[in-house]
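Undergrad: Here's a sequence, model it:
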Amino acid sequence: MLDASVSLAWCFVYESVDSTRALVDTVIRDGAVVPPIWAFEVRNGVLAGCRRGRLSQDQASQFIDFVSDLQIELDDISIVQTFVDVIATAANHGLATYDASYLELAMRRQLPLATLDKRLVQAARQTGIELALEAI
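TA: Predicted coordinates for the structure are as follows:
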């Protein structure tokens, strides 16, 4: 289970650290599961990178092709079914709802969470969710 911060670290290499580079190998080998918001967050991060001149259009396309080829499973439970749990998770841990969607999925499926978001790391620790890497 990984969040958009880790995925985007693969795109913006200067933001990558050893642990995120190692995790990409794990995802290539074993796949990962993500909430539906992940696809929008990753694409938005890539678009923002292009708009700010941090990525060329060619680099953006190559990265989107790369992540599209990974075995990344979008969690198939509907947003309607998780709405109450995501709101409660967000409220209980001071998270935005999109960040809470990652924590809710990790809790529901009992999966380790890979994130660079410090608040999400703290919330995962509070709920006993294993961390696949630490925030920098």
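
Undergrad: At which residues are the strands of the protein located?
TA: 32-34, 72-74, 113-114, 131-133 (DSSP state E).

Undergrad: And Glu134, what's its pLDDT?
TA: On pLDDT, Glu134 comes in at 57.

Undergrad: List the residues that contact Leu113.
TA: Met1, Leu2, Asp3, Tyr102, Leu103, Ala106, Leu120, Ala124, Ile129, Glu130, Leu131, Ala132 (C-beta atoms under 8 Å, 6 or more residues apart in numbering). Any C-beta I mention is one placed from the backbone N, CA and C, and that applies to glycine too.

Undergrad: 7 Å - rerun?
TA: By C-beta atoms under 7 Å, 6 or more residues apart in numbering, Leu113 lies in contact with Met1, Tyr102, Leu103, Ala106, Ala124, Ile129, Leu131, Ala132.

Undergrad: So which of these is the closest to Ser78?
TA: Checking the contacts of Leu113 against Ser78 by C-beta to C-beta gives Tyr102 as the nearest, at 16.5 Å.

Undergrad: Distance of the residue lying closest to the closest one once chain neighbours are set aside relative to Ser61?
TA: In this structure, Tyr102 finds its nearest non-sequential neighbour in Asp3, 4.6 Å apart by C-beta to C-beta, 6 or more residues apart in numbering. Shown here: Asp3 relative to Ser61, a distance of 23 Å by C-beta to C-beta, to the nearest Å.

Undergrad: out of the two, which sits in the busier spot?
TA: Asp3 (26 against 13; other C-beta atoms under 10 Å).

Undergrad: my guess is that one meets Ser101, correct?
TA: No - using C-beta atoms under 7 Å, Asp3 is not in contact with Ser101, being 9.1 Å away.

Undergrad: how about low-confidence regions in the chain?
TA: Counting by pLDDT under 70, the chain shows low-confidence ranges at 134-136.

Undergrad: Please enumerate the helices of it.
TA: In the chain, the segments counted as helices under DSSP state H are 4-11, 18-30, 37-51, 57-69, 79-93, 97-109, 118-127.

Undergrad: and stretch 17-29, how far out from the chain's middle?
TA: 13 Å (C-alpha atoms, centre = their mean, to the nearest Å).
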